[in-house]
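Chemist: Output the structure for:
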Amino acid sequence: MISPVPSPCVNICQMDTPSGWCTGCMRTLDEITAWSRLADDAKRAVWAQLPLRRVAWQRQHPRAAAPAKGDA
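Modeler: Numbers count the residues shown, from 1 in each chain. The predicted structure is shown next:
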């Protein structure tokens, strides 16, 4: 049996207005709201989009994506 698809939430819940994505998990408000009702295939489809969204967001916010001075 395949285990349930976990939520991508990382407890950093802050929406980026220009993109419409949460800066923590990269989901839209609609995806976050519907998550518990989505079928596992739909959840996997959302998960598949998240890495590309993260890359796109980091390109638009290079200062937020870069480590702070002193961080290794």
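
Chemist: quick check: mean pLDDT across the longest helix belonging to the chain?
Modeler: Identified as the longest helix of the chain according to DSSP state H is helix 40-60. Mean pLDDT, computed over helix 40-60, is 96.

Chemist: State the next helix or strand along the chain beyond that helix.
Modeler: helix 62-65 (DSSP states H and E).

Chemist: Put the alpha carbons of that next one into CSV.
Modeler: These are the backbone C-alpha positions of helix 62-65, laid out as CSV (Å, rounded to 0.1, in the frame of the first residue of the first chain):
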residue,chain,number,x,y,z
PRO,A,62,18.1,36.7,-4.7
ARG,A,63,18.8,38.4,-1.3
ALA,A,64,16.2,36.2,0.4
ALA,A,65,17.7,33.1,-1.2
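
Chemist: residues in contact with it?
Modeler: Contacting residues not belonging to helix 62-65 are listed as 23, 57-58 [Cβ atoms under 8 Å, 6 or more residues apart in numbering]. Yep, even glycine has a C-beta here, placed from its N, CA and C like the rest.

Chemist: The closest residue to residue 26 other than its chain neighbours and residue 23, how far apart?
Modeler: Excluding the flanking residues, the one nearest residue 26 by Cβ to Cβ, 6 or more residues apart in numbering is residue 53, at 4.2 Å. Computed as Cβ to Cβ, to the nearest Å, the residue 53 to residue 23 distance reads 10 Å.

Chemist: Fine, thanks again, bye for now.
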